[in-house]
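Engineer: Sequence and predicted model, in that order:
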Protein chains: 2
Amino acid sequence: MVNFTFHTPTKVLFGVGRIKGIGSEIKKFQVRKVLLVAGGGSIKKNGVYDAVTESLREHGVEWIELWGVVPNPVLSKVMEGISLAKQSGVDGVLAVGGGSVIDTAKAIASGVYLQDVWASFLGKEKITEALPVFVVLTISATGSESNGNFVITNEETKQKLGNHSPLVYPKVSIIDPSVQRTLPWNQTANGASDALAHIMESYFSGGGSETTLYVDEALSKAIIDATDKLMLNEDDLEARANLAWAATLALNGVSASQLKGDWASHDIEHAISALHPDVAHGAGLAVVFPAWITYVWKENEPTFRRWARNVWDTDDVLTAVERLKSTYKRWGLPVTLRELNLSKDEIPAIAQNATQLGEVGTVKELNQEDVEKILDLAY
Amino acid sequence: MVNFTFHTPTKVLFGVGRIKGIGSEIKKFQVRKVLLVAGGGSIKKNGVYDAVTESLREHGVEWIELWGVVPNPVLSKVMEGISLAKQSGVDGVLAVGGGSVIDTAKAIASGVYLQDVWASFLGKEKITEALPVFVVLTISATGSESNGNFVITNEETKQKLGNHSPLVYPKVSIIDPSVQRTLPWNQTANGASDALAHIMESYFSGGGSETTLYVDEALSKAIIDATDKLMLNEDDLEARANLAWAATLALNGVSASQLKGDWASHDIEHAISALHPDVAHGAGLAVVFPAWITYVWKENEPTFRRWARNVWDTDDVLTAVERLKSTYKRWGLPVTLRELNLSKDEIPAIAQNATQLGEVGTVKELNQEDVEKILDLAY
């Protein structure tokens, strides 16, 4: 049994038509002016930008805008946002987008109070204060809408690192699954892969913690079912809602309570996309996870066998891995490094990057050599 | 698809040895003096009282004590607590016990600011303020440690009514499953029955909301497995932890998101225990629920069939009901009104009490006659 603290203070408003509530929610926190953080402009096409700004205007919340957050969000954009936030005297940050936008917003919200925001990613400076963060979610994937995590890439040092603070939990997140109906399919599939990976990162570190193991199997099946339904009909609103809510639960604490977590596959994927920013996180995870399972499953055999049986209906772990890979392939995701256009020569550099801060994982603590072997399996 | 708000701000500290953290947690809220609410004294035998008071003393938190909360907690004790809280000038309420103690604490915390606390149960007065509530949980059952609900019986009017306010969510709840190893078996079984009922109250109102249906099936199986393991060995700490955590998730919002909920079985049970305060809530639910399912299942056939298949491994709903009853019986719970020592003559009065504020339930809206028929089935 593992002791744990469960604390998810984010208020989630879920459902069709709820985005128009954002102004009134922000107003409840006595926030006058927000930095509105966004990506490349899709929110101007799907009506989300209009709904958000109309609600802000209606409730007298001023805003300034920071555009151009990219997938695998970068430190330079965070620095730009921190400057803009300081200059304009905002007292809150509003992320309108997916995980990259939210993570950038969290880094800005904490960064305005730091000497050097990157130092906090390296554990050299502590986050002690942050502007309140609000979220209007447009892609379900990272779970960042309901946790204190954020991941940023330092383009200069080629480091993609995670950070965490209870101070950057969004105060309010609005999830309207209907706005996700217009996503390109690969973004839906990448999101599903990321959410499924979050569950697996916790699950495989488990033993007797059966309540959470049962819940995690349930969430895995919910994600697989909903994504399969969306493949048949991207407009299926019920499936959008099920995938969205499962992705939130996959990383708001519910899937991880009672479990210590592993996270090696995320560390390895972060190394890949730090060196190849064009690799989508969910796609990278689809490549890494099957190889990681194949390499480590004998370290915690009962839990991997339970997963094979309860999620994939087989008693054989390697058969379950094949079924996981078939699922990724069915969704159009890559399952080999080759499909990501990486050459075999790059494996040592990726493994070195993944283990730069020490061994990774808990199911098996992996050094650079272990990671190279996993990447060989994934090639 | 149902729109919903998910907001569970309670911070839960879960695990062995965590009770000693209560003083420091209370101190973080600048609370100087708490009303410590407790039941009949079992916490003095199992070491919980000593651990709590030592921690309060260590962190300079003063307290006064209110003892004698009974199962099916009563309004007179709430009134006594409100007087004591006002006289002694406490600025917080600390519940040390199970659901009855927590519910009493919540009623006191909100009641000190009300003209007439009972009026708030009848919807005639609104809760607009409350003292902060803290919890050290000693019996996992009601989920009250992580929600804003509380149920109190008015002994004079023979009404057992629920109440809700976001203001009485516990700020911090500590759940140490090891302290539950000394519970009498019937309390463990009643708690498991209550937790399972909370899931069913949400589940059966569902349709396409598959993420939550999957999660609810998982929690149901977790509760059944853990309780069966505890029957074999009441000292099984891992099973205690699994039952405890599942019971919290069963009513902290996770099991109910995406679903509108039914709650007729609870209303019917409340009528039984309002008239017969010796009936334990979990025992009453074990009597009512199978009869309710039998009466209403054709109103939402696909979801009842899904439940039969995914929880009870049968395609036939009535076979599933028999398996549910066998489970209750195996745990030593009653499954008929007769076993609760109720006479058939009392059925109309119970049905009248259950429907005094109008029809109950959503799967099928039940009037007095419907409730009588359900109670006949349960006889």
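Structural biologist: Yep, it's here.
Engineer: after whichever strand or helix holds A:Trp292 comes which helix or strand?
Structural biologist: Assigned by DSSP states H and E, A:Trp292 belongs to helix A:281-296. As assigned by DSSP H and E, the chain's next helix or strand after helix A:281-296 is helix A:301-312.
Engineer: buried ones in that next one?
Structural biologist: By neighbour count on 16 or more other C-beta atoms under 10 Å in any protein chain shown, the buried set for helix A:301-312 is A:303-308, A:310-312. For the C-beta atoms, the positions are set from N, CA and C on the backbone; glycine is no exception.
Engineer: go on, stretch A:73-85?
Structural biologist: Those would be A:73-75, A:77-78, A:81-82, A:84-85, for stretch A:73-85 by 16+ other C-beta under 10 Å.
Engineer: Intersect those with the contacts of chain B.
Structural biologist: For chain B, no contacts are drawn from the buried residues of stretch A:73-85 by C-beta under 8 Å from any C-beta of the partner chain.
Engineer: Is it possible to get CSV of the residues you listed that adds pLDDT and secondary structure?
Structural biologist: Below are those laid out as CSV (pLDDT from 0 to 100; DSSP: H, G, I helix; E, B strand; the rest coil):
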residue, pLDDT, secondary structure
A:Pro73, 96, coil
A:Val74, 97, strand
A:Leu75, 98, helix
A:Lys77, 98, helix
A:Val78, 98, helix
A:Gly81, 98, helix
A:Ile82, 98, helix
A:Leu84, 98, helix
A:Ala85, 98, helix
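Engineer: does the residue found closest to A:Pro71 once you drop the neighbours it is linked to in the chain count as helix, strand or coil?
Structural biologist: Nearest residue to A:Pro71, sequence neighbours excluded (C-beta to C-beta, 6 or more residues apart in numbering or on different chains): A:Ser100, at 5.3 Å. Following DSSP: H, G, I helix; E, B strand; the rest coil, A:Ser100 is assigned to helix.
Engineer: from memory A:Ser100 sits against A:Val74, does it?
Structural biologist: No - if you go by C-beta atoms under 8 Å, A:Ser100 and A:Val74 don't touch, sitting 9.3 Å apart.
Engineer: now the helices for the stretch 251-379 of chain A?
Structural biologist: Taking DSSP state H, counting those that start in this stretch, the helices of the stretch 251-379 of chain A run over residues A:264-275, A:281-296, A:301-312, A:317-330, A:347-354, A:368-378.
Engineer: Redo these as a markdown table? Include mean pLDDT.
Structural biologist: Converted to a markdown table, the helices of the stretch 251-379 of chain A look like this (pLDDT from 0 to 100):
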| stretch | mean pLDDT |
| --- | --- |
| helix A:264-275 | 96 |
| helix A:281-296 | 98 |
| helix A:301-312 | 98 |
| helix A:317-330 | 98 |
| helix A:347-354 | 97 |
| helix A:368-378 | 98 |
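Engineer: can you map out the helices along the stretch 1-150 of chain A?
Structural biologist: For the stretch 1-150 of chain A, the helices defined by DSSP H, counting those that start in this stretch occupy A:22-28, A:42-45, A:48-58, A:75-88, A:99-111, A:117-121.
Engineer: hey, which of those helices is tucked in deepest?
Structural biologist: Comparing the helices of the stretch 1-150 of chain A on average neighbours per residue, with mean count of other C-beta atoms under 10 Å in any protein chain shown, the densest one is helix A:99-111 at a mean of 30.
Engineer: average pLDDT across that helix?
Structural biologist: For helix A:99-111, the mean per-residue pLDDT is 98.
Engineer: Relative to the whole chain's centre, how far out is it?
Structural biologist: Averaged C-alpha coordinates place helix A:99-111 at 12 Å from its chain's average position (C-alpha atoms, centre = their mean, to the nearest Å).
Engineer: Tabulate the CA atom coordinates of it in PDB.
Structural biologist: Taking C-alpha atoms only, helix A:99-111 is exported to PDB below (Å, rounded to 0.1, in the frame of the first residue of the first chain):
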ATOM      1  CA  GLY A  99      -2.000  21.000 -23.500                       C
ATOM      2  CA  SER A 100       0.800  23.100 -25.100                       C
ATOM      3  CA  VAL A 101      -1.200  26.300 -24.500                       C
ATOM      4  CA  ILE A 102      -2.100  25.400 -21.000                       C
ATOM      5  CA  ASP A 103       1.500  24.400 -20.100                       C
ATOM      6  CA  THR A 104       2.800  27.600 -21.500                       C
ATOM      7  CA  ALA A 105       0.200  29.500 -19.500                       C
ATOM      8  CA  LYS A 106       1.300  27.700 -16.300                       C
ATOM      9  CA  ALA A 107       4.900  28.500 -17.000                       C
ATOM     10  CA  ILE A 108       4.000  32.200 -17.500                       C
ATOM     11  CA  ALA A 109       1.800  32.300 -14.400                       C
ATOM     12  CA  SER A 110       4.600  31.000 -12.200                       C
ATOM     13  CA  GLY A 111       7.400  32.600 -14.200                       C
END
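Engineer: now it against helix A:75-88, angle please.
Structural biologist: Angle, helix A:99-111 to helix A:75-88, by axes from the mean of the first three to the mean of the last three C-alpha atoms, to 10 degrees: 50 degrees.
Engineer: For the stretch 201-350 of chain A, which residues are neighbours of chain B?
Structural biologist: Contact residues, the stretch 201-350 of chain A versus chain B (C-beta under 8 Å from any C-beta): A:208-212, A:214-215, A:217-219, A:221-222, A:225-226, A:237-238, A:241-243, A:245-246, A:249, A:254, A:257-258.
Engineer: which parts of the helix holding A:Trp292 are buried?
Structural biologist: By 16+ other C-beta under 10 Å, the buried positions in helix A:281-296 come out as A:281-296.
Engineer: Among those, which one lies nearest to B:Gln180?
Structural biologist: A:Val296 (34.6 Å; C-beta to C-beta).
Engineer: mind listing what the residue sitting nearest the centre point of chain A touches?
Structural biologist: The centre of chain A sits closest to A:Thr142, judged by C-alpha atoms, centre = their mean, with a distance of 2.1 Å. Contact partners of A:Thr142, counting by C-beta atoms under 8 Å, 6 or more residues apart in numbering or on different chains, are A:98-99, A:102-103, A:194, A:247, A:251, A:281.
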